[in-house]
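**Student:** I would like the atomic coordinates for the input below:
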Amino acid sequence: MIDVTVENFETEVIAASMEVPVLVDFWAPWCGPCKSLGPILEKLETEYAGRFKLVKIDSDQEQQIAAMFGIRSIPTCVLLMNGQPVDGFMGAQPEGQVRAFLDKHVPSADELLAEAEEEAAQEALEDGDTDTALEKLQHAVATDPSNDDARFDYVKLLLQLGRVDDAKVAFAPVIAKAAGSRRLGALQVWMDAIDAVDAAPDDAAAEADFAAKIAASKRDFDARFARARRLIARQRWTDAMDELLEILMRDKAWNDEAARKTYVAVLEIIEPPRAKVAEGQIPPEDPVVATYRRRLSSVVLS
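**Tutor:** You can find the predicted model right below:
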């Protein structure tokens, strides 16, 4: 718990709320209900172990801040996230109601643990330690099954390592969401491409067949698309996008925009995690992703 004044308000409330929810307790020493609510808030801050931050503002001493929040009576609690008030309550509330209020907004311990495991996995991948990364991502998904970002990274890594059956098992709980999610849908595109290739695994024979068909007709989009899917299955990402661009340059709408949708899916798969930068700075874009995004825009908008 921190006492906040005008001098430290920006740091302890606004800036802090960019990292963790901040609960602001407006109170005054003479306020009886404040004295009953305060210990409850302090107890919950300890119990929630960093999942939210509690600050107290003496509304008599800090009238400028109280006026800024439109405080009319005390105690009043305001919850800030990402620099903005998102919810609040007035009056002394019993512990159960305060807990229910917090649980609507504050991430659970499992969610925080999953996020930490996902960050650790990315660090392991940067060091080339795929075993540790896989273990961390598996734990993240098990801890917080609703974390689709962790699941995307987990399934993606399994596919990169050729563990297709394990990837499909890990993907199964979210398969119904794939149609409405660009990232999950990209994984579905990848797995569908693998299944198509597994049905005809002879790369040399398939490539000879594609080459003959495309030589006979550059508008044989079925052959070009089948070649692109084979390249996706083999993780030859830029080659696959080059082939899809050949379709897009000739017929953007072919087969319900299958080429464009597949191209976007590949971009989603190959885009690396954004690098952490100082506040206010824009993370650098991966040069390959940037180049192929520009190429897609150039073709689609032409």
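**Student:** every contact and neighbour count from this point should use C-alpha atoms.
**Tutor:** Fine.
**Student:** which stretches of the protein form helices?
**Tutor:** 9, 32-48, 63-68, 95-105, 109-126, 130-143, 148-160, 164-171, 182-198, 203-216, 221-233, 237-250, 254-270, 287-300 (DSSP state H).
**Student:** could I get those helices as a markdown table with mean neighbour count and distance to residue 76?
**Tutor:** Formatted as a markdown table, the helices of the chain follow (neighbours: other Cα atoms under 10 Å; distance: least, Cα to Cα, whole Å):
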| stretch | mean neighbour count | distance to residue 76 |
| --- | --- | --- |
| helix 9 | 16 | 17 |
| helix 32-48 | 16 | 9 |
| helix 63-68 | 14 | 10 |
| helix 95-105 | 14 | 12 |
| helix 109-126 | 18 | 26 |
| helix 130-143 | 20 | 35 |
| helix 148-160 | 21 | 36 |
| helix 164-171 | 16 | 45 |
| helix 182-198 | 20 | 41 |
| helix 203-216 | 14 | 68 |
| helix 221-233 | 22 | 56 |
| helix 237-250 | 20 | 55 |
| helix 254-270 | 18 | 44 |
| helix 287-300 | 14 | 48 |
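**Student:** weakest of these by average pLDDT?
**Tutor:** Here the lowest mean pLDDT among the helices of the chain goes to helix 109-126, at a mean of 89.
**Student:** run the angle between it and helix 130-143 for me.
**Tutor:** 160 degrees (axes from the mean of the first three to the mean of the last three Cα atoms, to 10 degrees).
**Student:** what is helix 109-126 packed up against?
**Tutor:** helix 130-143, helix 148-160 (3 or more Cα pairs under 8 Å, 6 or more residues apart in numbering; DSSP states H and E).
**Student:** give me the distance from the last one to the chain's centre.
**Tutor:** Which is helix 148-160. 12 Å (Cα atoms, centre = their mean, to the nearest Å).
**Student:** ok, now the first one?
**Tutor:** For helix 130-143, the distance from its own C-alpha centre to the chain's C-alpha centre is 16 Å (Cα atoms, centre = their mean).
**Student:** and that helix with helix 148-160, angle?
**Tutor:** Interaxial angle of helix 130-143 relative to helix 148-160 (the same axes, to 10 degrees): 140 degrees.
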